[in-house]
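Undergrad: just to be clear, the model below is a prediction. Sequence and coordinates:
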Amino acid sequence: MDSDKQKLVEAARCGLKWLEVQAERKSAGQWKHEILRRLCNAVIKSNGDRSSFIAKDICQSETDQNSGSQLNKEFRRFGKILESWAESFNESAIDNEFRVYLTGKLSQPAKHNVLELHVREVDSVATVSKDKIPQGHIRYTVWERKALPRWQQRLLNRDMGVGTHLLLAAIFLLVPIVALIYAVALGFLTYYHPTIWNVSVFVGVICVEFFVLRGLYEFWYFHDRKIMMLPIQLTPLEQPPTALVMRREKDKRWPVVHVMATSSDCLLCDGTVFLRKESHYRYRVIGACNRHPTEHRFTFDYTNMLGKVLAD
Ligand SMILES: [Zn+2]
């Protein structure tokens, strides 16, 4: 067995270990976990010979009542979210002393989506292992990111390159102007035809515009601060409070926007620490315990996923 294959097998073992950790966290048993399990087992069984798969390879037709297109659809979605587990895989690999973890890419020759699996070396700077957490610190654990709706994916996980900057510039210019014109026009209409309907529409529109513009305002400063909380409206119910982070990546020219859903066990009690916006410094993101949010508070450093107790 040559070393590339060995590495692939090791990465697959790391994947299975990760699934065990997820099982304790009650997020197991989802279709995407099942696909990962089958992929890892197939890799291990073949001693690392196999690294590319199509949907049919891992979804035996026995009990699958779904049509082929449904399978393909799930497989395609899996291919897209595999990359979003990278941080979580990395942490699991460091804890369990693996040197590599799985990643993959979808390609589309002819009709079927082909998933090419690769290994990636563990990044030991991104987080520390479970038993090396410094005294008085907590380690944040990255939750698997939700597969975001498409329009969000386009904005997130995206290089902050020229295209994104142009898009953002257009949004920052156009939205306030359109909002203003619309509000003024509605204001005139309401003034000259003050029916109950017109007044309620006017008030409703002003409220909506207020929230939209406030969101834009915060996003504007995100560029400076490199971190902000994702508005609660954009966070699915089952996902913990989520931060947006803008960071540099080794092989990329422009900074990349990341979504970070994370939590940690509280150091001071048996509660769980979630991210939140610090209320004094409005834009600071900290961790606060769900049992005692005002006293059990921690810093949040996304560069090494550590937090230390906030004294004040
Ligand atoms: Zn606590």
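TA: Now that the structure is in, tell me what you want to look at.

Undergrad: in terms of pLDDT, where does the closest residue to residue 307 other than its chain neighbours sit?
TA: Once flanking residues are discounted, residue 307 sits nearest to residue 298: 3.6 Å by Cβ to Cβ, 6 or more residues apart in numbering. For every residue, glycine as well, the C-beta is placed using N, CA and C. pLDDT recorded at residue 298 is 94.

Undergrad: before we move on, what about residue 72?
TA: Reported pLDDT for residue 72: 79.

Undergrad: go on, residue 28?
TA: On the pLDDT scale, residue 28 gets 55.

Undergrad: burial of the residue in the stretch 1-150 of the chain that the ion sits nearest to, as a residue count?
TA: Residue nearest to the ion within the stretch 1-150 of the chain (Cβ to the ion): residue 138, separated by 9.9 Å. For residue 138, the tally of surrounding residues (other Cβ atoms under 10 Å) stands at 25.

Undergrad: could you shift the numbering so residue one becomes 600, and keep it that way?
TA: Happy to do that; since the first residue is 600 now, the last one works out to residue 737.

Undergrad: please state the backbone phi and psi of it?
TA: Residue 737 has phi and psi values of phi -120, psi 160 when expressed as degrees, to the nearest 10.

Undergrad: is it true that it touches residue 866?
TA: Yes: using Cβ atoms under 8 Å, residue 737 makes contact with residue 866 at a distance of 5.3 Å.

Undergrad: list residues touching both of these two?
TA: Listed as contacting both residue 737 and residue 866 by Cβ atoms under 8 Å, 6 or more residues apart in numbering are residue 897.

Undergrad: contact partners for the closest residue to the residue of the stretch 600-749 of the chain closest to the ion other than its chain neighbours?
TA: Of all residues not flanking residue 737 in the chain, residue 863 sits nearest, at 4.4 Å (Cβ to Cβ, 6+ apart). Residue 863 makes contacts with 737-740, 871-872, 886, 897, 906, as judged by Cβ under 8 Å, 6+ apart.

Undergrad: which SS class is residue 863?
TA: Here residue 863 is recorded as strand under DSSP: H, G, I helix; E, B strand; the rest coil.

Undergrad: and stretch 779-786, what's buried?
TA: Buried residues in stretch 779-786, counting neighbours by 16 or more other Cβ atoms under 10 Å, are found at residue 785.
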